[in-house]
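**Student:** one predicted model, sequence on top.
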Amino acid sequence: MQRHGCARPIGLMVVLGLAMGSVLAQPSTPAWKPQRPVEIMVGAAPGGSIDLTARLIQRALDERKLVGTQTVVVNRPGAGQGLAWAQMIERSKSVPVIAMGGPNLVSNPVTGLHPIDYTDVTTLAVLFDDYMAIGVRADSPIRSMREVIDRLRKDPGALSIGVAPSLGSGAHTGGVVALRAGGVDVKNARFIVYKAAGEAIVAVLGGDLDLVVGTVANFPAHVQSGRIRLIAVTSAQRLSGSMANVPTLREQGIDGVYTNWRSVIGPKPMPREQIAFWEEALASVVKTEEWQRDLERNFWTGNFLIGEAAQRYVAEQARQFRDIYSVLAPVK
């Protein structure tokens, strides 16, 4: 016997199911995309590593029509990139804008260069790791980083170390990490600040410095010409290409690793649909052949992160930086 009270017409169930499926298939909000030209803020002058990264992103976005509108790189150097980030936040009230980010987002408030930090912006993506190299003039009697550590543990001021463009910069921090990991009193180490990495390299070539610290990409031409000898890199493993013969700190018994990571940031707060748009666009950028070639050319190590993974990475970098500089007075 059928229980008509429990039966439901099959045709009606199909119609209801199709109707519900149609409703569920509709997006809750329309996909966002910029309606005006996008500005990419860069906290450095044209020609530097940060600027070149921004222009590579711009070119990939434009050539592949990933944004749907024009992108413009805007250079605003100063205050450890803080001026560019402040301008990004202000400009976001009227135009779509993103900016290049990096370690200064965690170091500036500690060193006193600028108050904006990683919690004041939206991290859209972490792009890659950019490591530091430590070099000497080719005819220097210094043969290894282990020798540097042994000398500076006895007398922290015995050797002059060139960095650029400021105390608290990636070069300075990489030097601090290396010395501190070796047990050197970094408060009394003799860091000499230059306006640019090129000036610091010229100084070591001229005999005015014992050591120079800078991003790896600064050194290949000088190494190939036989004028500079690199004694260490701050990566966890050896790099490739012309850097393959340079030992890491860890290989020399110094447990130090430092990365001058690069990221893309936006203003805060930022609607979820805008974050999703930029995550997808940047994921497409890092897959391009041009991007991969630049990673290899500049000895950058790809480390593309978005979402919670990117947030955790930057927060951990902030914790490490505070630990690194806990032994130093704030640098103005």
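**Tutor:** Good, I have the coordinates. Residues are numbered from 1 along each chain as shown.
**Student:** the helix ranked longest in the chain packs against which elements?
**Tutor:** Looking across the chain with DSSP state H, the single longest helix is helix 307-324. Helix 307-324 sits against helix 104-111, strand 122-129, helix 170-181, with contacts defined as 3 or more C-beta pairs under 8 Å, 6 or more residues apart in numbering; DSSP states H and E. C-betas here are computed from N, CA, C, even on glycine.
**Student:** for the first one, what is the distance to the chain centroid?
**Tutor:** What it means is helix 104-111. Computed by C-alpha atoms, centre = their mean, to the nearest Å, the separation of helix 104-111 from the middle of its chain amounts to 13 Å.
**Student:** phi and psi next, for the residue nearest the centre of the chain.
**Tutor:** When C-alpha atoms, centre = their mean is applied to the chain, the residue found nearest the centroid is Arg262 (1.6 Å). When read as degrees, to the nearest 10, the backbone of Arg262 gives phi -120, psi 140.
**Student:** show me what it is bridged to.
**Tutor:** Arg262 has the following beta-bridge partners by DSSP bridges: Phe128.
**Student:** do you know how far it is from Phe191?
**Tutor:** Between Arg262 and Phe191 the computed distance is 23 Å (C-beta to C-beta, to the nearest Å).
**Student:** kindly report the same for Met243.
**Tutor:** 23 Å.
**Student:** and if you look at Gly214?
**Tutor:** Per C-beta to C-beta, Gly214 is found 13 Å from Phe191.
**Student:** for Ser263, which non-adjacent residue is closest in space?
**Tutor:** Distances taken as C-beta to C-beta, 6 or more residues apart in numbering place Gly101 nearest to Ser263, at 3.9 Å, with adjacent residues excluded.
**Student:** how many other residues sit next to the one you found?
**Tutor:** Gly101: 30 surrounding residues under other C-beta atoms under 10 Å.
**Student:** low-confidence bits of the chain, can you list those?
**Tutor:** Across the chain, the ranges flagged by pLDDT under 70 are 1-30, 329-332.
**Student:** how's it carved up into domains?
**Tutor:** Domain segmentation of the chain under automatic domain parsing yields 38-129+260-327, 132-252.
**Student:** between those domains, which one is closest to Trp32.
**Tutor:** With C-beta to C-beta as the measure, domain 38-129+260-327 is the member of those nearest Trp32 (4.1 Å).
**Student:** flag every buried residue along stretch 98-118.
**Tutor:** Using 16 or more other C-beta atoms under 10 Å as the test for burial, stretch 98-118 gives 98-114, 116-118.
**Student:** Lys195 and Ala164 touch, don't they?
**Tutor:** Yes - counting by C-beta atoms under 8 Å, Lys195 does reach Ala164; the two are 6.3 Å apart.
**Student:** what about those two, which has more around it?
**Tutor:** Using other C-beta under 10 Å, the more surrounded residue of Lys195 and Ala164 is Ala164, with 23 against 10.
**Student:** returning to what we had before: overlap in contacts, Gly214 and Phe191.
**Tutor:** When C-beta atoms under 8 Å, 6 or more residues apart in numbering defines a contact, the residues bordering Gly214 and Phe191 alike are Val163.
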